[in-house]
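the following comprises the amino acid sequence and a computationally predicted model.
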Amino acid sequence: MSVPTRDHRATLGDLLRRVRQGGRLAMLALYDATFAHLAEEAGVDAVLVGDSLAQTVQGRESTLGVELDAILYHLACVARGCRRPFLLADLPFGSFESSPAAAFAAASRLLAAGAQMVKIEGGAPWVVETVRFLVERHVPVCGHLGLTPQAILELGGYRVQGRAPEEARRLVAAARDLVAAGIRMLVLECVPDDLAAHLTRSLEGVAVIGIGAGPATHGQVLVAYDALGLTPPPRPRFVRDFLEGVGDARLALGRFVRAVAEGSFPTVGESYGPSGLDDLGA
Ligand code: KIV
């Protein structure tokens, strides 16, 4: 087994092997070299340069205004700040929707800047087709289902997704289509615990990473500012302040990594509970 060392950036193969062996992955969304270094020292497995920088760094109300150049800038900062964690970057709103070729152009810039995988939101047929186009051209892709903030104007609010039977079945079908198209990682955001557990059990060859999706996924992701309690309230219920009672950011992020590894995060009160649906479209 290849064990990532300080000088070896973790590969997708490393992460998928960990998952196959029953390990849990800790991922943080962050945007600069200092946080990247702290996360690395804390033992984080993967770092996402997410379009959540719209809110946390740029002070916007939604992620819709983030441009590809902003993701590229922050990705370069993060890549310089850490050497070991696996690096993912978001395809921001407006960079991939017009055509698969546009998505490839954006993705190739992210890979050139150091990303090892790009994340794309949604599961509509055209997104699935775009994922296939990217994967066929050697771009590793992470899907993102459930609450997809780039669709906020359509969703009408930041709330749990997949509670209604039809919604849950659509989500399961979209996850399967994305896997068939070649994603190797899937972020599930704000979905009922049983739906996330069902997908984690049934999807093959994919690392399922939850945020507000209960404890059963292969890993957890939090925005680093949230994990340190820096984000002003109201905070989503899936956020835990790991700095509380510790007073040291490095130790706090280490607490996050350990809590994910031992399965003590999230607890019942930090997720959205079961959907109550018997048939999740298995
Ligand atoms: O942009 C982001 O930070 C994300 C995570 C919350 C998953 O997409």
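Happy to help now that I have it. Everything quoted here is computed from the prediction, not taken from an experiment.

only C-alpha atoms, please: export stretch 38-48 in CSV.
As requested, C-alpha coordinates have been extracted for stretch 38-48 and formatted as CSV (Å, rounded to 0.1, in the frame of the first residue of the first chain):
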residue,chain,number,x,y,z
LEU,A,38,-2.8,24.2,8.9
ALA,A,39,-5.1,21.6,7.3
GLU,A,40,-2.1,19.6,6.2
GLU,A,41,-0.6,19.6,9.6
ALA,A,42,-3.9,18.5,11.0
GLY,A,43,-3.8,15.5,8.7
VAL,A,44,-6.7,16.4,6.4
ASP,A,45,-7.0,14.0,3.4
ALA,A,46,-8.3,16.4,0.8
VAL,A,47,-8.7,20.1,0.3
LEU,A,48,-11.4,21.7,-1.8
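
residues in contact with that stretch?
Contact partners of stretch 38-48, identified using CB atoms under 8 Å, 6 or more residues apart in numbering, comprise 10, 15, 18, 25-30, 36, 78, 81-90, 119, 219, 221, 224, 249-250, 253-254, 256-257. For the C-beta atoms, the positions are set from N, CA and C on the backbone; glycine is no exception.

can you rerun that using 7 Å?
10, 15, 25-30, 36, 78, 82-88, 119, 221, 224, 249-250, 253-254, 257 (CB atoms under 7 Å, 6 or more residues apart in numbering).

OK, contacts around the residue of the stretch 1-150 of the chain found nearest the ligand?
Among all residues of the stretch 1-150 of the chain, G50 sits closest to the ligand, at 2.3 Å; criterion: CB to the nearest ligand atom. Under the criterion of CB under 7 Å, 6+ apart, the contact list for G50 reads A29, D90.

if we can go back for a sec, restrict the contacts of stretch 38-48 to contacts with the ligand.
Subset of the contacts of stretch 38-48 in contact with the ligand: A29, V221, counting by CB under 6 Å from any ligand atom.

list only buried entries from the contacts of stretch 38-48.
Neighbour counting by 16 or more other CB atoms under 10 Å classes 10, 15, 25-30, 36, 78, 82-88, 119, 221, 224, 249, 253-254, 257 among the contacts of stretch 38-48 as buried.

in terms of secondary structure, what does the host helix or strand of R170 contact?
When elements are assigned from DSSP states H and E, R170 belongs to helix 165-181. In terms of contacts (3 or more CB pairs under 7 Å, 6 or more residues apart in numbering; DSSP states H and E), helix 165-181 is packed against helix 125-136, strand 141-146, helix 193-202.

and V139, what does it touch?
For V139, the residues meeting the contact criterion (CB under 7 Å, 6+ apart) are F104, A107, L111, V118.

neighbour-wise, give me the winner out of those residues.
Taking other CB atoms under 10 Å as the neighbour criterion, A107 ranks highest of these with 28 neighbours.

tell me the secondary structure at that residue.
Taken by DSSP: H, G, I helix; E, B strand; the rest coil, the conformation at A107 corresponds to helix.

quick one on the thing from earlier: inside strands: which ones of the buried ones among the contacts of stretch 38-48?
Among these, the members falling in strands are L25, A26, M27, L28, A29, F86, L87, L88, K119, V221 (criterion: DSSP state E).

mind picking the two most distant members of those?
Spatial extent of those (CB to CB) is set by the pair A26 and K119 at 16.5 Å.

so the residue nearest the centre of the chain, which state does it fall into?
The central residue of the chain, meaning the one whose C-alpha is nearest the mean C-alpha position (CA atoms, centre = their mean), is V187 at 4.4 Å. Of the three states, V187 takes strand according to three-state DSSP.
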